[in-house]
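Chemist: Can you look at this prediction? I've put the sequence above it.
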Amino acid sequence: MKKVGILGGTFNPPHLGHLIMANEALHSTGLDEVRFMPNYIAPHKEVSGATAAHRLEMTRLAVMGHDKFQVEDFEIRQGGVSYTFDTVKKLIEREPDTEFYFIIGGDSIEGLPTWYRIDDLAKIIRFIGIRRPGYLHDTIYPVLLIDSPELHLSSTMLRDRVAEGGTISFLVPEKVEAFIRKERLYGSKYDD
C-alpha cells in the first residue's frame, strides 16, 4: 500500500515550518509522499487576509520542486467547513489502496479529544505528531511521535510582519513571498 501523509491547515501563508514538518514526517516514517491540504473553512480558526484560491496557489508555490510533496485541493473544492473525519473518509473511498497518515504539531495532540468524530477518525487513520517543547503530548489516541527541528514561526506572525512592511525573507519560500507582494495580501505595504 502507498503511504501518504496529509498535512492540513489554513496555510495562510505556508511557511518553512510547514515544509520542515512535512519533510521530517516523510523521512522519519517512510512515507511515499506528503500532501499539503489547505482547508476551505477551518473549524477552529478564522481565516482572513487571503482567499481560498490565494492560499491554494501559495501552497502550490511552496511545494514546487519537491517531488514527494503534493497539494491536495479536496477541501478547497468541497467548500464549507472542513472536518478531518469527513475528508479522510472520502479520500479513503477515492484511494482504497492508500494508507493515510495525518501530520499534526505537538500543540494539537492534546486537543485531539475536541476533534469532530475523533474516535471514528482514529480507527481509519494514523496520526504522526511532531514533538514540541512545552507540550506533554499526552493523549489516549495512538500518535506516532517524531522529532523535528524547532522553528518558532507562525502564519499569524508572518501576516503581521507583511502588514507592517517587515521582511518575511527566508521564512517563506521565495515564490510565496513574491506572490504575496504581487497580490498585495495581508495589507502588504511593499513598494514595487
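Modeler: Alright, I've got the coordinates.
Chemist: check which helix or strand covers N23.
Modeler: helix 16-29 (DSSP states H and E).
Chemist: Partner strands of the helix or strand immediately after that helix in the chain and their direction?
Modeler: Heading C-terminal from helix 16-29, the first helix or strand you meet, by DSSP H and E, is strand 33-38. Here strand 33-38 is paired, per DSSP bridges, with strand 2-9 (parallel), strand 69-71 (parallel).
Chemist: right, so of those, which gets closest to L136?
Modeler: Proximity to L136 (Cβ to Cβ) singles out strand 2-9 among the strands paired with strand 33-38, at 22.0 Å. Using the backbone N, CA and C atoms, a C-beta is placed for each residue, glycine as well.
Chemist: which residues are in contact with that closest one?
Modeler: The contact list for strand 2-9 (Cβ atoms under 8 Å, 6 or more residues apart in numbering) reads 18, 21-22, 25-26, 29-39, 42, 72, 75, 82, 84, 87-88, 91, 95, 97-103, 128.
Chemist: That strand to helix 16-29, inter-axis angle?
Modeler: Interaxial angle of strand 2-9 relative to helix 16-29 (axes from the mean of the first three to the mean of the last three Cα atoms, to 10 degrees): 160 degrees.
Chemist: Flag every buried residue along strand 2-9.
Modeler: Neighbour-count burial for strand 2-9 flags V4, G5, I6, L7, G8, G9 (criterion: 16 or more other Cβ atoms under 10 Å).
Chemist: how close does the fourth one sit to Y101?
Modeler: When Cβ to Cβ, to the nearest Å is applied, the distance between L7 and Y101 equals 10 Å.
Chemist: Check which helices and strands the lowest-mean-pLDDT helix or strand in the chain is in contact with.
Modeler: Of all helical and strand segments in the chain, the minimum by mean pLDDT, DSSP states H and E falls on helix 106-109, at a mean of 88. Applying 3 or more Cβ pairs under 8 Å, 6 or more residues apart in numbering; DSSP states H and E, one finds that helix 106-109 contacts strand 126-130.
Chemist: List the strands paired with the strand it packs on, with their directions.
Modeler: Note on strand 126-130: by DSSP bridges, its sheet partners are strand 98-105 (parallel), strand 143-146 (parallel).
Chemist: returning to that earlier point: shared neighbours of L7 and Y101, which are they?
Modeler: Common contact partners of L7 and Y101 (Cβ under 8 Å, 6+ apart): A25.
Chemist: returning to that earlier point: mind checking which of the strands paired with strand 126-130 is nearest R117?
Modeler: R117 sits nearest to strand 98-105 of all these, at 13.2 Å, using Cβ to Cβ.
Chemist: what does the closest one rub up against?
Modeler: In contact with strand 98-105 (Cβ under 8 Å, 6+ apart) are residues 1-8, 21-22, 25, 29, 31, 34, 84, 88, 91-92, 112, 124-130, 132, 143-144.
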